[in-house]
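> need coordinates for the below:
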Amino acid sequence: MRSARSVTTLAASAASILALTVAGFGLPTQAQEAPAAPTVDAPAAPAARPVNPLSESVAAVVNDDIISSYDLMQRMRLLMVTSGMQPTQENLPQLEQEALRSLIDEHVQMQELRRVEKAQKITIISTDKEIEEQIQDIARGNNMTPEQLTQSLQAQGVGIDTWKAQIRADSSWQAWISGRYGSRLRIGDDQIKAFERRQAEAASKPQYQVSEVFIDAGRVGGMEVAENGAKQLVSQMQQGAPFPAVARQFSASPTAANGGDAGWISPGEMPPEVDAALEQLRPGQLSAPIPVRDGVYIIYLREKRSGAKTALVDLKQVAVALPKDAAQPQVDAAQKLLVDLKPKLTSCETLEATAGKIDGVVAGDLGEAEITDLAPAFQEAANSLKVGQVSDPIRTDAGLHLIAVCGKRQSGAQAPSHDQIENRLRGQQLALISKRYLRDLRNSATIETR
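Predicted coordinates for the structure are as follows:
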């Protein structure tokens, strides 16, 4: 619980924050169809300067590291500048909570990195030179010089050291996670094929290009806090705060680093509550907060496209030739031959070699075709089978056939490459590892808020 002295200091600083002019530039910039922040002409706030140490108080203690009220106020200012949020009496508590959570996380991360550096005698934490290079890249992305960017922050009451500390913690942690676990991760062909199958199965479904903010209820202190926080964020974005900037600062999703950009998704990839909301949204619309099992989503629908009416399918077949008027005993014998053979056809790659060992059976590649162009007898199998599956025997005028589906894709759509899928899956796994690692560090740390 905070002391009276701390509350007084925070209240005084909060009053100055309410007078802060927020420029609303997102750091870094990202080309994305999202609501733009309005331009506000107002006098700039005075440059940040160190407060009298005697007026400072302790906001939190993380193990033996102190987070001062000045640190907290600086981080709140940085949150507003980089997210484009305008301070109000209603959202100041949320900003304070988010600022304190991020500072606690960064202290825990930096403590762990310093421990690892000392134990393993390696360098992990980003150097001053590396931080300066990152600032140059961010400034370039905002069409500014580093000096202009620094002056812009200072004019809005944010000390450059506050921003550098955030960059250092984030870049050092990401480098450590990637370096420690990235080389150990193995994305197998089975995972990539499963991803491709899911995409193929979704070819006929509507697809949505979305950006997301996810408020993790477990991180912020429960569902009620998450829902109230999400309402404040929606209100701010409706007033002009850029979605990408808000996502980078407040979202607990791995997509936060990309401004919340989740790309194109199909029904079933997100919680059912989100799918239901997407059906009601039009491109360019922002959703209301969407409660799910473990938190709250805010969705911005950037674009929507209908599913393809047809899909392309890659087929192979195994067949026994039979005339149209073949006697029933011949049909029954061929049927048994193919039924016994089907379990042995375990992959498209070995299908022809396996079938070639059986007398009276021919196998071949039918190539890729639109399902609607297939013979009626084959269309049902092509629609219902998943990639890698083999049909039961199908009777045609030419004989009996087993059809193997070797691939499916949406007509006219450019499917992601093997490398793109692998990189996406790797990124998802690293984000999950980072989240669990940080959770364990927080659980084992001694954290006291005042």
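
> please make it C-alpha for all contacts and neighbour counts, starting now.
OK.

> isn't His401 right next to Leu315, touching?
No - with contacts counted by Cα atoms under 8 Å, His401 stays clear of Leu315, the gap being 11.8 Å.

> that's a strand at Ala262, yeah?
Yes - under DSSP: H, G, I helix; E, B strand; the rest coil, Ala262 falls within a strand.

> run a quick neighbour tally on it.
Applying other Cα atoms under 10 Å, we find 18 other residues in the vicinity of Ala262.

> ok, it - contacts?
Going by Cα atoms under 8 Å, 6 or more residues apart in numbering, Ala262 touches Gln209, Val210, Ser211, Glu212, Thr255.

> take the residues you listed and keep only those in strands.
Gln209, Val210, Ser211, Glu212 (DSSP state E).

> now these as CSV including neighbour count, distance to Gln249 and pLDDT?
Shown next, in CSV, are the ones in strands among the contacts of Ala262 (neighbours: other Cα atoms under 10 Å; distance: Cα to Cα, whole Å; pLDDT from 0 to 100):
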residue, neighbour count, distance to Gln249, pLDDT
Gln209, 17, 21, 92
Val210, 22, 18, 94
Ser211, 26, 14, 95
Glu212, 26, 12, 96
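
> state the helix or strand in which the nearest residue in space to Gly360 that is not next to it in sequence lies.
Closest residue to Gly360 apart from its sequence neighbours, by Cα to Cα, 6 or more residues apart in numbering: Val320 at 6.3 Å. Assigned by DSSP states H and E, Val320 belongs to strand 311-321.

> can you name the element that comes right after that strand?
That would be, after strand 311-321 and using DSSP H and E, helix 328-341.

> from Ala247, how far off is Gly222?
19 Å (Cα to Cα, to the nearest Å).

> export the contacts of Ala262 as TSV, with columns for distance to Gln94.
Listed next are the contacts of Ala262 as TSV, based on distance: Cα to Cα, whole Å:
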residue	distance to Gln94
Gln209	29
Val210	25
Ser211	22
Glu212	19
Thr255	21
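
> closest to Leu301 out of the residues you listed?
Nearest to Leu301 among the contacts of Ala262 is Val210, at 4.7 Å by Cα to Cα.

> contact partners for the nearest residue to that closest one once chain neighbours are set aside?
Excluding its sequence neighbours, the residue lying closest to Val210 (Cα to Cα, 6+ apart) is Leu301, at 4.7 Å. Residues in contact with Leu301 (Cα under 8 Å, 6+ apart) are Tyr208, Gln209, Val210, Ser211, Leu278, Leu281, Arg282, Pro283, Gly284, Gln285, Leu286.

> try Ile358
Ile358 touches nothing, counting by Cα under 8 Å, 6+ apart.

> what secondary structure does it sit in?
coil.

> need the pLDDT of it.
The model reports Ile358 with a pLDDT of 90.

> same check, this time on the one 4 residues further on
Val362 carries a pLDDT score of 92 in this model.

> so it sits against Gly356, correct?
Yes - contact status for Val362 versus Gly356: in contact at 6.6 Å, counting by Cα under 8 Å.

> re earlier: burial measure for the residue nearest to Gly360, as a count.
Neighbours of Val320 (other Cα under 10 Å): 21.

> which SSE is Glu448 in?
strand 447-449.

> show me what contacts the residue lying farthest from the centre of the chain?
What lies farthest from the middle of the chain is Ala327; by Cα atoms, centre = their mean that is 59.5 Å. With contacts defined as Cα under 8 Å, 6+ apart, Ala327 has no neighbours.

> how much space separates it from Glu368?
Distance from Ala327 to Glu368, by Cα to Cα: 33 Å.

> check Leu72 too.
For Leu72 relative to Glu368 (Cα to Cα), the value is 60 Å.

> and Lys342, by the same measure?
In terms of Cα to Cα, Lys342 sits 22 Å off from Glu368.

> between these two, which is the more surrounded one?
Neighbour tally, Lys342 and Glu368, criterion other Cα under 10 Å: the higher count belongs to Lys342, 20 against 16.

> lovely, talk soon.
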